[in-house]
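[1] could you work out the structure for the sequence below:
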Amino acid sequence: MTMDQAVGLTREDEGPQRATLLELFLDLVFVAALALTSRTLAQRLDWVGAAQTVLLVMAIWWIWSATALATDLYHAQRPPIFVMTLWVMVGTILLAGSLPGAFAEHALLFAGAYVAIQVGRVIFLVVALHGRAARLSASRFIFWFAVSAVPWLAGGLLAGPARGLLWTVALVIDYGSAVLRYPTPHVGRMPPARYAVAADHLAERYQQIFTLALGDLILVTTLTYADNDVTVARTAALLVAFTATVLLWQVYVHRAGALLQAAIEAARDPGGFVRSAPNTHLLMVAGVVAAAAGFEVVIAHPTEQVTPWLAGVVLGGPALFLAGRARFEYEVFSRVSPSRLVALLVLVAAGPVLLLAPALVAGLTAAVVLAGVAVSDGVRARGNPPEPPAPSV
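    Next up is the predicted model:
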């Protein structure tokens, strides 16, 4: 038994694990951040707005995924981890509040909050942990988050294209170091064994965050409907947006979503699955953010003609989600359902045609394509017995 097991911090070999209410509470802060990101994108549908949104979503997601892994390895209800989680929540609230001005007057607040969350979380772990191996793991995180802090903070101080470039470099460092298992001078890479996780707990965390991310779609579309005069077209647009939300959830949970825990347990390299799961879910969550921005515009202006950028987010949101979901399905079953590929092709082909239609028709098209995927999943589920996860990664 390690020292950290003795003091009750680690989750090793303790049977089934469930997510705590504190972790669910933490997720609510991220829903607010995603909703603000969607609204910011809806106000600037162009190349600059899209690029900025990608950076913001990736930053928000990396905070959540790193925190989810920490609370998977260590008990969230223990005082040190509890305080660490509250630290992340406070920082994320400040970061979320800065999102509308993240590339303007609030840039330094955004970057400072991000760095404080990432570095501060690891410092809490270093102080709380007693085992040498655990502290070595934490030292790798501190090293790489300190490296990425330089372009993050420099970008917060500079303006113009330099800011976006520096923040892109910072995200490449954050994501790239994770892919490479945090190679650190004099310490080396993170051993694969350190990625041992409680499969049931981590699976539940990803299912929870995606379900709560759909709250972004519900929150943004409902607020937009409430902020405008009630018309038949706007009411129809709101109902179409809600239908699309339900369908996104249905497609996510079908088989692969429900079998995520079993997939982690069946993987030949669970650590590899743990390192890839954030990326597939990032695509799906980014799709939800884009869809929320698109439906906000659809509800506000349901009868106006579709612009290229509106078609891009209304159809591109579901397309991003389906791309992530296809990759997710491949990780679980080592194959991809043809319905996902067909749906992606239809969404791409529909874009140019919809430039002649009102915005409401674009939203309806997205919902119909998602409905086709959901129906296909249902038909296949009735015609085939439940499929076990394939050993993967």
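
[2] burial measure for residue 371, as a count.
    17 (other CB atoms under 10 Å). Using the backbone N, CA and C atoms, a C-beta is placed for each residue, glycine as well.

[3] check residue 356 too.
    If we define neighbours as other CB under 10 Å, then residue 356 has 9 of them.

[4] do the same with residue 57
    Neighbours around residue 57, by other CB under 10 Å: 21.

[5] same question, residue 379
    Neighbour tally, residue 379, other CB under 10 Å: 11.

[6] now swap in the one 3 residues further on and tell me
    By the other CB under 10 Å criterion, the neighbourhood of residue 382 contains 7 residues.

[7] I'd like the distance between it and residue 119.
    Residue 382 sits 51 Å away from residue 119 when distances are taken as CB to CB, to the nearest Å.

[8] check residue 171 too.
    16 Å.

[9] residue 190: what secondary structure?
    coil (DSSP: H, G, I helix; E, B strand; the rest coil).

[10] ignore the last one, residue 19
    Residue 19 - assigned by three-state DSSP - is coil.

[11] quick one: it from residue 207, how far?
    9 Å.

[12] so which of these two has more stuff around it?
    Between residue 19 and residue 207, residue 19 has the larger neighbour count (other CB under 10 Å), namely 22 against 18.

[13] low-confidence ranges, the stretch 201-350 of the chain, go.
    255-275 (pLDDT under 70).

[14] tell me how many other residues crowd residue 349.
    Residue 349: 10 neighbours (other CB under 10 Å).

[15] how close does it get to residue 315?
    Taking CB to CB, one finds residue 349 at 10 Å from residue 315.

[16] residue 233 now?
    For residue 233 relative to residue 315 (CB to CB), the value is 19 Å.

[17] which of these two has more residues huddled nearby?
    residue 315 (26 against 15).

[18] okay, and that one sits in which element?
    According to DSSP states H and E, residue 315 maps onto helix 308-333.

[19] can you list the helices and strands that that helix packs against?
    Counting contacts by 3 or more CB pairs under 8 Å, 6 or more residues apart in numbering; DSSP states H and E, helix 308-333 packs against helix 232-252, helix 260-266, helix 270-300, helix 338-354, helix 359-383.

[20] determine the set of other helices and strands touching the third one.
    Helix 270-300 sits against helix 21-42, helix 47-73, helix 161-179, helix 199-227, helix 232-252, helix 260-266, helix 308-333, helix 359-383, with contacts defined as 3+ CB pairs under 8 Å, 6+ apart.

[21] tilt between the longest one and helix 47-73?
    Using axes from the mean of the first three to the mean of the last three CA atoms, to 10 degrees, one finds that helix 199-227 and helix 47-73 are set 140 degrees apart in direction.

[22] what comes up buried for helix 199-227?
    199-207, 209-210, 212-221, 224-225 (16 or more other CB atoms under 10 Å).

[23] look up how far residue 49 lies from residue 55.
    11 Å.

[24] low-scoring stretches of the stretch 1-150 of the chain, by residue?
    Counting by pLDDT under 70, the stretch 1-150 of the chain contains low-confidence ranges at 1-17, 130-135.

[25] who does the one helix or strand residue 156 maps to touch, helix- and strand-wise?
    If you go by DSSP H and E, residue 156 is part of helix 132-157. Secondary-structure packing of helix 132-157 (3+ CB pairs under 8 Å, 6+ apart): helix 107-128, helix 161-179.

[26] how about CSV for these, with mean neighbour count and distance to residue 319 added?
    Formatted as CSV, the helices and strands packed on helix 132-157 follow (neighbours: other CB atoms under 10 Å; distance: least, CB to CB, whole Å):
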stretch, mean neighbour count, distance to residue 319
helix 107-128, 20, 28
helix 161-179, 17, 22
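
[27] list just the one of those that sits closest to residue 356.
    The closest of the helices and strands packed on helix 132-157 to residue 356 is helix 161-179. By CB to CB, the value is 33.7 Å.

[28] what angle sits between the closest one and helix 132-157?
    Using the same axes, to 10 degrees: helix 161-179 against helix 132-157 is 170 degrees.

[29] avg pLDDT for helix 161-179?
    Helix 161-179 carries an average pLDDT of 94.

[30] for it, packing partners?
    Where contact means 3+ CB pairs under 8 Å, 6+ apart, helix 161-179 is packed against helix 47-73, helix 107-128, helix 132-157, helix 270-300.

[31] try it again at 7 Å.
    Applying 3 or more CB pairs under 7 Å, 6 or more residues apart in numbering; DSSP states H and E, one finds that helix 161-179 contacts helix 47-73, helix 132-157.

[32] just these: most buried one?
    helix 47-73 (a mean of 20; mean count of other CB atoms under 10 Å).

[33] picking up where we left off before, which one of the helices and strands packed on helix 270-300 lies nearest to residue 284?
    Using CB to CB, the nearest of the helices and strands packed on helix 270-300 to residue 284 is helix 308-333, at 3.9 Å.

[34] so that closest one versus helix 21-42, what angle?
    Using the same axes, to 10 degrees: helix 308-333 against helix 21-42 is 150 degrees.

[35] what residues of helix 308-333 count as buried?
    309-333.

[36] cool, stretch 240-255 as well?
    240-255.

[37] which residue is the nearest non-sequential neighbour of residue 28?
    Distances taken as CB to CB, 6 or more residues apart in numbering put residue 212 closest to residue 28, at 7.0 Å, once the chain neighbours are dropped.

[38] apologies, that question was intended for residue 236.
    Closest to residue 236 by CB to CB, 6+ apart is residue 360, at 6.3 Å.

[39] could you report the neighbour count for that neighbour?
    That count, for residue 360 with other CB under 10 Å as the rule, works out to 20.

[40] mind checking how far it is from residue 298?
    6 Å.

[41] same thing with residue 334?
    For residue 334, the distance to residue 298 - CB to CB - is 37 Å.
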